[in-house]
Structures are given as C-alpha cells and as structure tokens.
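**Student:** Got a predicted structure here, sequence first:
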Amino acid sequence: MKLMPFNFEPLDEESYFISNIAGFSSFVNLKQLESIIDFGQTFNPELDRLLENKLFISAPSSVNTAIASLASALGKRVTIGLEFKPIFMIVPTLRCDHSCKYCQVSRASINASGFDLDKKLIPKIIDTIALLSTPPYKLELQGGEPLLRFDLVELIYQLAEEKLGGDSIEMVIATSLSLVSDEIIDWARSRNVVFSVSLDGNQLVHDKNRIHPSGNAYQLAINGIKKIQSQLGMHRISTVTTVTDELIKNPLSLLDTHKALGLLDLFVRPVSPYGFATTRSSVNYSMQEYMQFYAQLWDGIKQYRAQGLPFVEHSAAIHIKKLFVPGFSSYADLKSPSGVVLNCVLFNYDGHVYGSDESRMLQKVNPQLDFSAGTVGEISFADSDYYKNLTSASFNFLHPGCENCAFLPFCGSDPCQNISMQGEPIGDKSLSTFCEYHKSMFKFLVNKYNTSADDKSLIEDWIHA
Amino acid sequence: MPEVLRNDLFERAAGESKLSGFYVLRKCQPLIPGFLPQVIVYENSSTVINPETPALINSELFRAIEDGDIANINPNGKIRVILSRRANHNTLLLTERCDNRCQFCSQPPKDGDDSWLLEQAILAICAFNLDGEIGLSGGEPLLYRDDFIRLLDTTIEHAPRTRLHILTNGRAFADLSFTKSVAQRTEHLSMSFGIPLYAANSAVHDKLVGAEGAFNETVKGIINAGNSGINIELRFIPTSENAQELPFVAEYANRVFTNINQISVMNMEPMGWARKNWDELYLHPLEYPLILEYAAKITRQNSTPLYLFNYPLCQLPEHLHELSVQSISDWKNYYPEECSSCSMKSQCGGFFASAKGKFLQSPQRYI
C-alpha cells in the first residue's frame, strides 16, 4: 500500500488523531502511525481497509484515483466555503445603557450624539440587501443597544417586510433586554423576531462585568428573558455567554442559571481578544484555564443530561459539526476562507459598510485607516484592497503552521483577529489566540470521542443540535 | 411466472400478418408517418375499420395499452410493450454488451455487435415523445460513446420533454472529453445517471464487478460527471462481500463527490447471475440493519438523502420503513400469497416476480 498525505495530532502518549485534506479522520495508536508512515499499512486488515476507504493509504494501482479524490474533496470544500451567504448586520446605534468591562465595540454613552443611524439610510440599506442576496434573509441588529432606538428597529423591519417579504426575513436582536417593554413585546408577537441576550452566569458573575447604572444588569436581563418566554414563547430567546474570570471559578453556576430559566441551549465562548475587550481587567485566564473550565462545564452538562435535561452547548456543537458533517460551513467565525464578506455584511450606524463585525472594531481602533467597503449606496467589496486581501489571505491550508495541523480541514481563519493582534492577516499561529482556542476545543472533543462511549454518544447527539 | 402487477407480454394471433420489429401501437386513425411503423390494435374483428393498414386484433392487448405506446414484436409473434404510458417505469435496453462482469448481474451481458438496439431505442424515444421519464439500461449504455451522444441530440430535437435516467457503471465518464459532451447536453435535456459504487476501495469493488481497474474508472467518472454538473444517483447493492462498506461509500459520496442527488441502496434481484451466485452473495436485510441505519445517519447530516429500494417492508426493522421506496417495476412485481392479508401491503414494494422458492425470503404479515 502507498502512503497518502495526512496530518496527525497526539492526544496522549498512545493515541493519535489523523486527518487528511478531504476531511476524513480517524484514530490510530503510535505503533500503527509509525507503521503507516514506514510501510503504508498497519498490517491489521480491518484497520488498513478503513484507512484505504478514507484515503490515508492507497492500493498502488489506485494512487491516481486517490489523488483525484483528495483533490475533488478539497475543491468541494473550498467551493462550499466560497458561497456568498451573508447575514446582514445593522447597527441602529452605538449608544448603550450598559458599560460592560469587556465590550468589544467601544460603545458610546447613552446621551452622546452622532452615534445613531440616519433614518434616511434605511431604505437604501434594505435595497442593498435585496440586491446582494436571495431569500431567506437573516438580519441581525447589533449595537450599542439596538432597543435604544426601537423606532429604527421597527422601521428596518417594516421596510424589510415590504421589500423582501414577511416570510423571507428573520430578525435577531442582540440586546441586553434592559429596555424590553410591553410595546416591544406586542410588536414582536406577530413578527419573525428573536432576541439574543448576554447571560454570563449568576448575579454575582454577570454583574461583575456587565455594568448597568442601576447595578442590576443581571436582574434586568432575567426579567426580560422571562417576559419574552411567557409572552412570546421559549424559542424567541437565546443566550450568549462570555466567559470571565468570575465564571471560570464556578462553571456549574452557568448551568444552574440556565436551568432555572428553562433554557437548555448554551453558547459559551472565551472573551474576544479584539478591540477594547482585552485592555480591561476582566480577563486574566489562560486558554489552559479556559479548557479546564470547559471540561468542568462538560461534565456538568453530562450529569444534567443523565437526569433528563438535554443541555446543548453550541460552541462545541459547531466544532463537532465541522468534524463530522461534510459540507457544514454556515458558521461565519470558523471557516476557511473566512466568513468576512462571504457570510457577513455589516451596516454601521455612520453609514459605512463592513464585511464583518470585527472589521468595524478594527476601524474603531485604527481610525486613520479605512476598513470599510464604502458607504451605503456606494459600496464595493470587489474594489476594496482590504477585503480582497483579507479573503485571499484566509485559506488556512496555505498558512504556515496550519498546513500540517490535523484540525486544518475543520478549522477556519480569522484575518481580522490576526490584524488586530499581529498587524497582518495571516499571523504567526504560535501566537494566535484563535488557533489556541479552536485547536484546544477540537482536541478536547476528539479525545472525548475516542476515549469514552458516553462522551461519544453525547457528541453524536450534538451533530444534530 | 407469478401474477405481476402489469403484464407487458402478449401473443400475436396465428393468422395475423408477420409484423416484426419496433412499432407504435395505435388505437385510432389516422396514422401519421413518424419515426417507427405503426400498427392499429383492435379489440375484436368487428371493430376493424381499415383492413388495408397493418393491424393486431387482440382484446387483451387493446385493454392494456394507450394510443402511442411502443411494442417490440419478435419474429415468433411475441409482442412486448416496451414503452407504456400506463407503466410506473419505462426502460429501454441500449446494448447487451458491458465492460463489467458483475457477480449479481440481473441481465448478464452478451458479446457481439448489437448497435441496432441503440438505433431502435432512438426511434422509440422519439416516437413515444413522453412528458416523463424513460430509463436507459444495458449492458453498459455508454459503451457506444458517440452513438449515445447522438441519442441525446436526437431526443433533444424530437422529444425534448423526455427525462432520461441512465443506468451506467460510470466508467465512460473517466474520459473527461466524453463527460463534457454529455454535460453540455444537460442544459437542454433533463437527465440523471444511476451509477453503482460497491465499495470505497478497489479490491472489493473490482471483485464484485468482475473487472480489474473498474473502481479507478468509476470513481474518476463520478468525480468528472459530478464536477461537470451531471446529476448522479449513487447506487449500492449490499451483498455478503460488501455490506460493511456502505457507510464508507456514504461518507466518500459526501466528502469527495458532488452533484449526488441521492444514494439508493438496492436489495439484490434474483435474476441472471445473481441466481447462480445467490448462496455466496445474498445477505438477508435483517443481518445488516445497523449498517443501513449508520449510513442513513451519515447522509441525514448532509443534504444527500438515502433510500432503500426493492426491500419488502417485512424484511426491514420498522424505523427504516420511512426510507423504503416502492420501487420494483410493475411488470416484474408481485405479492406472494402470504401478503394478501398483510395490513402494510398497500405501502409495501412487494417482491420481484423472480423471487420464488429459495429466492423468496419468507414474507411476514403485519396484522
């Protein structure tokens, strides 16, 4: 048998995870790995057949077929990755009633002026969306706090409904819920609107970093969640958890907080190293500490599931889908080519249009440069050197440090983070937070998959989450 | 033969004129010259209107056909309705030659020039001019490369509403320029290609299809065809030699191939060489439900659906029933005695007419 190109990653002293550019993966032990490399086979007929079926080795007479198959699979992945399927983000205002310590976007204070979207731009924004995409359209309202300008939110929905069709739009409002009123609930009732709220843990954890003048950010969020659940339904609200130093110490409190609200879906992630987030004091943990936290959270989830509470943690579910579902490419923050422009178009409050939320953060930190693709009505991503270079620099299989990584076919790239942290879009992977985080998650999950039947069945469940 | 759902075979009466070849069967006047000679079918001699034109007087045949169906009349007087507007499937044989020698082939190939079959098929497709699907099988239908392209071109010109489903081993598509010629025609004619892949490795596939090098050509062929935009139905027949390969084929299809519209897992038909090799190859479906389940799971995660063909429901675990398709062509489909009081009969695909004796896996009634 002939050896075909593949990458490997040690999981412990004995076990190795192997993968190839087609996205096939498997597990072997050290002896088998060495035998594959030395002899093109393990001499275990069943394992050799599996390795041949997954293009790790090839019969001498089929080497050309194996090469063609690897090439076709890579072509298929890149083609799917290049599909233009953006979520449209709109920032009605940069003003916010919170002043969270880890805020990524450098929000403006609540009374500041000049930080709201000009009403007259909204028809042009909707026209642009109609021009750029096809149904169904996903709109995401970001902030600042979008509900500070509920009038603009209403107008955006109304014009989108008229122009794009009521059945073709879905709106996500990213909000702290401090301002959810009966009027807003009534408005949302008959519309295709869901709310996404930050919930960082219990009151102590949440209020430590999420600062509302009342000192009650947690209670406001909880009240808003309950209001939406009781009046609009459980499915109208989802949470996002940013892990802070406080939560790291007490992972299970997050599950208890969610359980008390009847929320069984979590979306947990480390604090973003972007923009202003890391200049504040809320993050001092290492990735190693994060993964220790995550392992405890995982065990907690397993315990609750054994009691009949089917918690799903969607960050892990995304990594799992990337590993096991060929063609899964819809998550903008973990794909190669990156999701910039291809999976996101952002209309900022000032009329500038960006290819990602992170690009507007870069803009904020580097006001002397232009990270936009122009302004509403006059945008061109194709004419923007920034976006052209960003996309072409985001194919991870060409990156030093990625090309020999066993998680390469499942991972993504984040050129904006590399610019933010290292000053250029490719970056030194040994210094990359993105690499450290995602590699840790992949490794954690494949190790669980390989070593425990319980964990394996949980992981297989989340493939469908 | 057991009672099939639709009989397609009739006898010419002793005294009738010695017609033979392909004919358009007509039930009314006038006859308009077309691609094939025409013959009027009368219910009985009293209904004959025009004694001058070629005629068949056969009440059974008259009741079985629609005006414009196509029949092949052989020199011995056997009339086979080969294209029927009432059939659930219509299939034309393009050649009996093949470059594979599949151990379970239901229609074992013959050698020798039979290119007249393809010529007749072209005429039959055009004369039938169906707004629907016609299957093309063999042998290996793509063996006569340029003639097959001509068949496509003629169909585009004279019967453009026809949808073609071609059953091929896909080896011809290893030739990229041939693939491109076919791909160009897909803009004008709806067609899809059913291509079997029995394993994701050459040893198992080549052994089952009895041809060294077949795996390499079939895999390259599927890659070329899919990447050229040709629609493919990937087929798999589980046998004792390859049932365990199905999940690998499913993953291969999802990672490597493009334009796979569905994966069809097909129960073996006890015809031809499959009868001869039955004991070595046949695997009862209840011996591999986990494999079917696992493969279905792999494909459910993607957009490629997996369906089960030719499986009587009583041979599948109940949770796989939803994947089962009533697929056996009506002219060779029957329900054995045991099925008559089965509550699932109307949803079940039943059995091949050839499944009798040791080839019939004891049907179980659902009460």
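**Tutor:** Everything's here; your move.
**Student:** Quick check: the residue nearest the centre of chain A vs A:I87, distance?
**Tutor:** With distances taken as Cα atoms, centre = their mean, chain A has A:D333 as the residue nearest its mean C-alpha position (4.1 Å). The spacing between A:D333 and A:I87, counted by Cβ to Cβ, to the nearest Å, is 11 Å. Any C-beta I mention is one placed from the backbone N, CA and C, and that applies to glycine too.
**Student:** same deal with A:I126?
**Tutor:** Distance from A:I126 to A:I87, by Cβ to Cβ: 15 Å.
**Student:** ok, the two, which is more surrounded?
**Tutor:** In this view A:I126 and A:I87 are compared by other Cβ atoms under 10 Å in any protein chain shown, and A:I126 has more residues nearby, 26 against 19.
**Student:** Wait, the more buried one touches A:E161, no?
**Tutor:** No. With contacts counted by Cβ atoms under 8 Å, A:I126 stays clear of A:E161, the gap being 9.5 Å.
**Student:** what residues are up against the residue of the stretch 351-465 of chain A found nearest chain B?
**Tutor:** Nearest residue of the stretch 351-465 of chain A to chain B: A:I463, at 5.9 Å (Cβ to the nearest Cβ). Residues near A:I463 by Cβ atoms under 8 Å, 6 or more residues apart in numbering or on different chains: A:A317, A:I320, A:K321, A:F324, A:V325, B:Q301.
**Student:** Neighbour-wise, which one of those residues leads?
**Tutor:** A:I320 (26 neighbours).
**Student:** Excluding sequence neighbours, find me the nearest residue to it.
**Tutor:** A:W462 (5.0 Å; Cβ to Cβ, 6 or more residues apart in numbering or on different chains).
**Student:** A:I80 and A:F324: what is the separation?
**Tutor:** From A:I80 to A:F324 the distance is 16 Å (Cβ to Cβ).
**Student:** so what's the residue of the stretch 1-150 of chain B found nearest chain A closest to, chain neighbours aside?
**Tutor:** At 16.4 Å from chain A, B:N100 is the closest residue in the stretch 1-150 of chain B, using Cβ to the nearest Cβ. In space, B:N100 comes closest to B:V209 once its chain neighbours are excluded; the distance is 4.3 Å by Cβ to Cβ, 6+ apart.
**Student:** and the one you found, how many neighbours?
**Tutor:** By other Cβ under 10 Å, neighbour count at B:V209 equals 25.
**Student:** what's the pLDDT at it?
**Tutor:** Listed pLDDT for B:V209 reads 97.
**Student:** ok, now the one 5 residues further on?
**Tutor:** The model reports B:A214 with a pLDDT of 98.
**Student:** Run through the residues that contact it.
**Tutor:** B:D99, B:N100, B:N169, B:R171, B:H205, B:D206.
**Student:** three-state assignment of the closest residue to the third one other than its chain neighbours?
**Tutor:** This points to B:N169. Computed as Cβ to Cβ, 6+ apart, the closest residue to B:N169 that is not its neighbour in sequence is B:N100, at 5.0 Å. State at B:N100, reduced to three classes by DSSP: H, G, I helix; E, B strand; the rest coil: coil.
**Student:** and A:T257, what element?
**Tutor:** helix A:251-260 (DSSP states H and E).
**Student:** er, A:F195 I mean
**Tutor:** strand A:193-198.
**Student:** Mind checking the pLDDT average for that strand?
**Tutor:** 98.
**Student:** That concludes my questions; thank you for your assistance.
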